[in-house]
Every structure is written in C-alpha cells, then in structure tokens.
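>>> Only the shape, not the letters, is given here:
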Ligand SMILES: C[S@@+](CC[C@H](N)C(=O)[O-])C[C@H]1O[C@@H](n2cnc3c(N)ncnc32)[C@H](O)[C@@H]1O
C-alpha cells in the first residue's frame, strides 16, 4: 500500500491563525492548551453528524487531525524539553511524515454539528480526521 486517501469529517475552529500565536507547547503553564478560557469548536460535516450522537459534555476525547499548514518534515528535530536533535517520532512536532496531530480535549457543549472544547493547540481551519474517546483507564500496558 503506497498511498492512503482520507476525507476530513469536519474542521476545527480556534482563535489561532498562525503558529506564532501558539508559542508554548501543551505542557507549558502559559500554553493555551491549559487555559480554561481558550476554547475551540469542532464543526462536523452534516454527512457525519449521526456519528457524534452520544458524545457527552464533560467527556474527554482524542481529536485526530491534519497539520494542514506544515510544509515538509524532518526526521530529527528539536524538542523543547530535551537537548540536541531527537527523532521526530519521539516528539509532538507538527513537521512529520503524514502530518497527523492528536490532542486530548474536553468537550464543554454539544450543539447539533458543533462541539465546543477545551484543550486548544491547533490552528484555525485544521481539518479533523477522527474523534475517539479518551480515558485514563485505557493506560493499562
Ligand atoms: C506541538 S504540536 C502538538 C499537537 C498535538 N497535541 C499532537 O501532539 O499531535 C502543536 C503545535 O503545532 C502547530 N500547529 C497546530 N495546528 C497546526 C496546523 N493545522 N498546521 C500546522 N501546524 C499546526 C502549532 O505551532 C502548535 O503550537
């Protein structure tokens, strides 16, 4: 299999238009990811609307998305918490083969095709590929 073609199930609205507007990584105390006042909205395409039935406000989920503003990738990169170059697959770098991003979020409100969430670290207009439930109970390995 050489190629996989995917179709976004929706898009993500956030207050951030450029990477510079998200200067801190998720673990940083000043990251918008940790700021309860910064919210984003998932917009699900009408054809996939039935699939978000039963998503409850307050629940956590993994948003799986496409880093659509990344240009190319490097197999080694800098990581804010480590010295020197490290392998890209040990980081959350947006410059990676396949451009896949994954963020744990908490849903605050569900309104038709719109899901408001806390835990924003993606740019406005980011294409959404999938949503999966997230639970700490899954960490059993
Ligand atoms: C370090 S990544 C972490 C994203 C996700 N939590 C993950 O682990 O895959 C977050 C950074 O990616 C960049 N970014 C976010 N959305 C993007 C997009 N749609 N295209 C390109 N870069 C993006 C921003 O610079 C943001 O600060």
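It's in. Quick caveat, the model's predicted, so the values are computed rather than measured.

>>> residues of the lowest-mean-pLDDT helix or strand in the chain that come out buried?
When each helix and strand of the chain is scored by mean pLDDT, DSSP states H and E, strand 76-78 comes last, with a mean of 95. If you call a residue buried by 16 or more other CB atoms under 10 Å, then strand 76-78 has these buried ones: residue 77. For the C-beta atoms, the positions are set from N, CA and C on the backbone; glycine is no exception.

>>> tell me the contacts of the residue nearest to the spatial centre of the chain?
With distances taken as CA atoms, centre = their mean, residue 103 lies nearest the centre of the chain, 3.9 Å away. With contact set as CB atoms under 8 Å, 6 or more residues apart in numbering, residue 103 has these partners: 26, 33, 62-63, 65, 119, 121-122.

>>> cool, and residue 119?
For residue 119, the contact set (CB under 8 Å, 6+ apart) comprises 33, 40, 103-106.

>>> Just the pLDDT at it, thanks.
Among the per-residue scores, residue 119 holds a pLDDT of 97.

>>> Equivalent analysis for residue 85, please.
Predicted confidence (pLDDT) for residue 85: 96.

>>> re the thing from before, list the neighbouring strands of the host helix or strand of the residue nearest to the centre of the chain plus their orientation.
In this assignment (DSSP states H and E), residue 103 forms part of strand 100-111. According to DSSP bridges, strand 100-111 has the following sheet partners: strand 60-66 (antiparallel), strand 114-118 (antiparallel).
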